[in-house]
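Trainee: Turn this into a structure:
(chains A, B, C and D)
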There are 4 protein chains.
Amino acid sequence: MKNKILVAGGDLRQVFLAMSLSREYNTYIYGIDDEAYTENLKKDDGKDIYDAVILPIPVTNDGETLFTPFSEKKILLSEIAEKVKKGGIIFGGRFGSSEKMFKEKEIETIDYLSREELSVMNAVATAEGALGIAMEESPETIFGNKILITGFGRIAKTLAKILVSMGANVTVCARKKSDIAWAEIFGCKGSDFSLLDEKSDFKIIFNTVPTEIFTKERLSLLNPSAVIIDLASKPGGVDFSSASLMGIKTIWALSLPGKVAPVTSGEIIAKTIRNILTERGDMNV
Amino acid sequence: MKNKILVAGGDLRQVFLAMSLSREYNTYIYGIDDEAYTENLKKDDGKDIYDAVILPIPVTNDGETLFTPFSEKKILLSEIAEKVKKGGIIFGGRFGSSEKMFKEKEIETIDYLSREELSVMNAVATAEGALGIAMEESPETIFGNKILITGFGRIAKTLAKILVSMGANVTVCARKKSDIAWAEIFGCKGSDFSLLDEKSDFKIIFNTVPTEIFTKERLSLLNPSAVIIDLASKPGGVDFSSASLMGIKTIWALSLPGKVAPVTSGEIIAKTIRNILTERGDMNV
Amino acid sequence: MKNKILVAGGDLRQVFLAMSLSREYNTYIYGIDDEAYTENLKKDDGKDIYDAVILPIPVTNDGETLFTPFSEKKILLSEIAEKVKKGGIIFGGRFGSSEKMFKEKEIETIDYLSREELSVMNAVATAEGALGIAMEESPETIFGNKILITGFGRIAKTLAKILVSMGANVTVCARKKSDIAWAEIFGCKGSDFSLLDEKSDFKIIFNTVPTEIFTKERLSLLNPSAVIIDLASKPGGVDFSSASLMGIKTIWALSLPGKVAPVTSGEIIAKTIRNILTERGDMNV
Amino acid sequence: MKNKILVAGGDLRQVFLAMSLSREYNTYIYGIDDEAYTENLKKDDGKDIYDAVILPIPVTNDGETLFTPFSEKKILLSEIAEKVKKGGIIFGGRFGSSEKMFKEKEIETIDYLSREELSVMNAVATAEGALGIAMEESPETIFGNKILITGFGRIAKTLAKILVSMGANVTVCARKKSDIAWAEIFGCKGSDFSLLDEKSDFKIIFNTVPTEIFTKERLSLLNPSAVIIDLASKPGGVDFSSASLMGIKTIWALSLPGKVAPVTSGEIIAKTIRNILTERGDMNV
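Mentor: As a prediction, this is how the structure comes out:
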């Protein structure tokens, strides 16, 4: 017998996630009222009990109600808890304080955002989104452009790969000598962060380091017409107010995958959940 | 003595062209009144005579006055003719009927758009602009996306190279067997145009063939949620009204280089003019 | 009824060509006596008449007998002529004087080497073979190596694409401004041939220009430990005796596809012949 | 004052290492008697004392004498120990039992092979060497070839990047879901190891997993004409005797960097030593 799954709340990503899962699982939706997209999906009838429930990113903003941007209904998380069978799982992306509530009801919670493969797959969507912003902001082509990337984690690597193949002249700042070596293998110039303490003429700068590495002093050494696209999570990597005073355009681009590629993003979450279910042996969710 | 050059009319591209040429030539501008960009450029004083005058794309819309989107002044082409020395050259991008007028005044005209190297360099800007549109229109990443390119000329080749390196699954339709072989070397699947007579599920289609190859019949075989980005010059490659009736989104994207990358575009024209002047022996323009 | 085809003479390429064609056509071999490879292929019984006969590269060395490196038999071309039906075709790679003889017997001859798609597909095998030689000869990695390519035709383009993606630092010399622009799009530095008149420190040089561009004077400007891999057909692009006197290692690498990739090479010829037969309408060969 | 460094023993790599270091340090050689290469290097005069001594890979084969393939002299490691100043460092690649001896004499030893950046940089040379073997062994081009890579560490990643860019059809087997995701970003098909338990038709297989994953059973599922290139350190990843009995060609390719690219390899070690010296503050070695 196929697992019975409920996809509840969230935006377009949840819709595509539900479509993807419905090819294998007995899938229902709840709290997503966009008829244009959901006509082929089964709707929860209010009485069903599920093996697993999949909540959105974030699960909740207030700790009590489900995040439902595509529905006007107010859905309590406690109501969701009633819909999971004993021994079932609630998946979600950032539970916040709600995790405690579910745990108290003895429901297992799994945050799919903590899965490494999801982060890797999301890096592609983030890199493409960042590229899109750069192309939009720059009056020059990426080809031949002088670009800096700070940090060399998943997103930086994926972005570097794309930019280099488009013919950009890419420099990467990283702390670890081995990351510098990797950057060179990816076709970039590699450097440590002391590069930021010298005058430079990069036109596009992508930051992926979540610490304020672009201080006032370092900002003053940049080409004043540079654009900084900050991909780092809070607190970001730029002294935003100094940048603004100096007239350096800074774009803090968070949560790109859901914005630029909701279909792919939903499919990535679906794939990750499928991996988790397979690892645990489907039927015994 | 350095050549004395006038850059007259046009948009941002002419500004950057003038900046680029001013590094080598004694360069002036006329009919571009955007102070923000032109403060470091010398202005024509109304009495100067030039070795060469560079006109924009297009030179004129009405055959009588210069195309001056950045100026409210109305400048007659006959006035421009007075500014060139005897034996000088007027460069421009699409002269239209004005070519005859200049010729009658015994002024040599050169259309830089007819230079092969300009077309090649412009292909990059066009391909990047097309990619930008695709990323904007698609709710999925380019990575893993199923994409069709029709034709395999300069723009198609450059676009294919970028898309493949971004991990797209690219099919190219071309007529010549050798172009199909090239497409495969570029990492695409190659096919002849009979592919268009079968049902397909491409999500993004780039057309570069300037003949109506996407007829009503062929449009009906496409994935209805496909987006067609038509890069072909007039008359384009799509039966636009049928596409519209079928709900297939079609974007006819013309003149991308000037729109998405005016700086690069201006520099490309500057480079081409430099090539021409060098070939002729600078001083004897 | 399927076309009946004879593959006669030649080396391993002919064997793989026969294997490839036998999936579609009624295929026989003759004058290839390597049992290890040919056991699954039908042998000519001496009495059959064929719709088409496929001869090797070259067809003949002496104008009278078939080139049969894999057989000790001496096969006269006039004997081959007897095996083709009236109105049939003889395919071959470089007929030399034998073309006249077949024509006199009113047999159509087609030189598959003159087909553009074959040249394009062969460029890949040539480029890989050239890469193999370079890796063998160089005590340094291709990654980071300083490499020059002269000319920018099919082979040069394919080679440049591979070398750039392996992280080499590639410069291309070409005559046409548009080829220089293409070289830059491929990720190389582009230059005209005046570069050869300056001192340089390239470590690997691939020549594709079939004229002696590496004269004594130009050779003296190279890094003495450079290796020149000459891919140009006769007369080659290097003053070989001067190079030898100067101690510059020069490898004249001809006919690489058949040497480094006989299977692929045979399949490329098969694909080309299939294209020709299809274009003419199979049954009416 | 510049550090005084001795490069002792070893092969061509040590020569190029010495050349590279001599641009910055006061560098001498000892136990490398190849005049053709060493004429511009200073020789140890038997009385000098050094800040650091750099020994080869391996340091020794017998635990007592230095590995000196380029010299007929027998050099005792105890003699080397005398040449280092008090507080100096001996660098080497695999000390084996000799480490204990140096420690007893209170000499610090550093195995540069344990540095991550060296492993990353070496991965390029290994990947190129592996590619060279594959091209040599295969009668087909890499372009279009069906290739399997097992494992997805440094070498596998670098190799995958090259093969994909050459147009191969590459599948990667990895254990971690996130490595499978990375493999897909690199343009490969990703799979877990269960793929090895099915019949397959890969023509070239690169193994990087140092455990016998190619058991007799799995070997029997491969294409019998496949070539396995095993890049894994001891014990390798293949049941070599079963492979040999089945006629599956297996090449166990160890220590490729030193073999295929001694210059690059020497420079990589030099770069790593420079990194270490810089991190410690040069003068206080």
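Trainee: what about residue A:149, neighbour count?
Mentor: 30 (other CB atoms under 10 Å in any protein chain shown). All C-beta spots, glycine's among them, are computed from the backbone N, C-alpha and C.
Trainee: does the helix or strand harbouring it come close to chain C?
Mentor: Under the criterion of DSSP states H and E, residue A:149 resides in strand A:146-150. No: using CB under 8 Å from any CB of the partner chain, strand A:146-150 never reaches chain C; the gap is at least 14.9 Å.
Trainee: That strand: what's the following helix or strand?
Mentor: Downstream of strand A:146-150, the next assigned helix or strand under DSSP H and E is helix A:154-165.
Trainee: what's the average pLDDT for that next one?
Mentor: Helix A:154-165 carries an average pLDDT of 98.
Trainee: now for it, which elements pack on it?
Mentor: Counting contacts by 3 or more CB pairs under 8 Å, 6 or more residues apart in numbering or on different chains; DSSP states H and E, helix A:154-165 packs against helix A:116-137, strand A:146-150, strand A:169-173, helix B:154-165.
Trainee: hmm, 6 Å instead?
Mentor: helix A:116-137, strand A:146-150, strand A:169-173 (3 or more CB pairs under 6 Å, 6 or more residues apart in numbering or on different chains; DSSP states H and E).
Trainee: how far is the helix or strand just after the last one from where the chain is centred?
Mentor: The reference is to strand A:169-173. Sequence-wise, the next helix or strand downstream of strand A:169-173 (DSSP H and E) is helix A:177-185. Mean C-alpha position of helix A:177-185 versus that of the full chain (CA atoms, centre = their mean, to the nearest Å) differs by 25 Å.
Trainee: How about stretch A:133-143?
Mentor: 23 Å.
Trainee: ditto for stretch A:80-88
Mentor: For stretch A:80-88 - counting by CA atoms, centre = their mean - the centre lies 27 Å from the chain centre.
Trainee: what's next to it, contact-wise?
Mentor: Residues outside stretch A:80-88 that contact it (CB atoms under 6 Å, 6 or more residues apart in numbering or on different chains) are A:6, A:49, A:50, A:51, A:52, A:53, A:90, A:105, A:107.
Trainee: What residue in the stretch 101-250 of chain A comes nearest to chain B?
Mentor: As assessed by CB to the nearest CB, chain B sits closest to residue A:165 within the stretch 101-250 of chain A, at 3.5 Å.
Trainee: What's the mean pLDDT across the strand holding residue A:149?
Mentor: Averaging pLDDT along strand A:146-150 yields 98.
Trainee: Parallel or antiparallel, which strands does that strand pair with?
Mentor: Note on strand A:146-150: by DSSP bridges, its sheet partners are strand A:169-173 (parallel), strand A:204-207 (parallel).
Trainee: Quick one: name the residues of chain A near chain C.
Mentor: Proximity of chain A to chain C (CB under 6 Å from any CB of the partner chain) is limited to residues A:167, A:187.
Trainee: Residue A:57 looks like it's in a helix, true?
Mentor: No: secondary structure assignment (DSSP: H, G, I helix; E, B strand; the rest coil) places residue A:57 in coil, not in a helix.
Trainee: How much space separates it from chain D?
Mentor: Distance, residue A:57 to chain D, by CB to the nearest CB, to the nearest Å: 18 Å.
Trainee: tally of neighbours for that residue?
Mentor: When neighbours are counted by other CB under 10 Å, residue A:57 registers 21.
Trainee: any idea of the pLDDT on it?
Mentor: At residue A:57, the model reports a pLDDT of 95.
Trainee: What of residue A:87?
Mentor: Predicted confidence (pLDDT) for residue A:87: 89.
Trainee: Which residue ranges of chain A form helices?
Mentor: Per DSSP state H, chain A has helices spanning A:12-22, A:35-38, A:77-82, A:98-104, A:116-137, A:154-165, A:177-185, A:216-219, A:240-246, A:256-260, A:262-280. These are given in chain order.
Trainee: quick one: buried residues of the third one?
Mentor: Neighbour-count burial for helix A:77-82, with 16 or more other CB atoms under 10 Å in any protein chain shown as criterion, is recorded at A:77, A:80, A:81.
Trainee: can you give me the angle the longest strand seen in chain A makes with helix A:262-280?
Mentor: Using DSSP state E to define each element, chain A has its longest strand at strand A:84-92. Angle, strand A:84-92 to helix A:262-280, by axes from the mean of the first three to the mean of the last three CA atoms, to 10 degrees: 130 degrees.
Trainee: rewinding a little: can you redo the helices and strands packed on helix A:154-165 as CSV with distance to residue B:17?
Mentor: Formatted as CSV, the helices and strands packed on helix A:154-165 follow (distance: least, CB to CB, whole Å):
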stretch, distance to residue B:17
helix A:116-137, 21
strand A:146-150, 20
strand A:169-173, 22
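Trainee: Which one, of the ones you listed, ends up nearest to residue D:24?
Mentor: Closest approach to residue D:24 among the helices and strands packed on helix A:154-165 (CB to CB): strand A:169-173, 23.4 Å.
Trainee: domains in chain A, as residue ranges please.
Mentor: A:4-114+A:261-284, A:122-254 (automatic domain parsing).
Trainee: Which of these comes out lowest on mean pLDDT?
Mentor: Mean pLDDT values for the domains of chain A show the minimum at domain A:4-114+A:261-284, a mean of 92.
Trainee: How far off centre is it?
Mentor: 17 Å.
Trainee: how close does residue A:272 get to residue A:69?
Mentor: 21 Å (CB to CB, to the nearest Å).
Trainee: Repeat that for residue A:25.
Mentor: 24 Å.
Trainee: Pick out whichever of the two has more residues nearby.
Mentor: residue A:25 (23 against 14).
Trainee: can I assume the more buried one is in contact with residue A:3?
Mentor: Yes: between residue A:25 and residue A:3 there is a contact under CB atoms under 6 Å: 4.9 Å.
Trainee: what about stretch A:243-263, how long is it end to end?
Mentor: Start and end residues of stretch A:243-263 are separated by 34 Å (CA to CA, to the nearest Å).
Trainee: Tell me how many other residues surround the nearest residue to residue A:218 once chain neighbours are set aside.
Mentor: Closest residue to residue A:218 apart from its sequence neighbours, by CB to CB, 6 or more residues apart in numbering or on different chains: residue A:196 at 4.8 Å. Here the number of neighbours of residue A:196 (other CB under 10 Å) works out to 20.
Trainee: do the one 3 residues further on as well
Mentor: Burial of residue A:199 is recorded as 8 neighbouring residues (other CB under 10 Å).
Trainee: Likewise for residue A:111?
Mentor: Based on other CB under 10 Å, the number of other residues close to residue A:111 is 17.
Trainee: how near is the closest residue to residue A:198 other than its chain neighbours to residue C:50?
Mentor: Distances taken as CB to CB, 6+ apart put residue A:221 closest to residue A:198, at 6.5 Å, once the chain neighbours are dropped. The gap separating residue A:221 from residue C:50 is 76 Å, by CB to CB.
Trainee: The two: which is more packed in?
Mentor: Set residue A:221 next to residue C:50 and count neighbours by other CB under 10 Å: residue C:50 wins out with 25 against 13.
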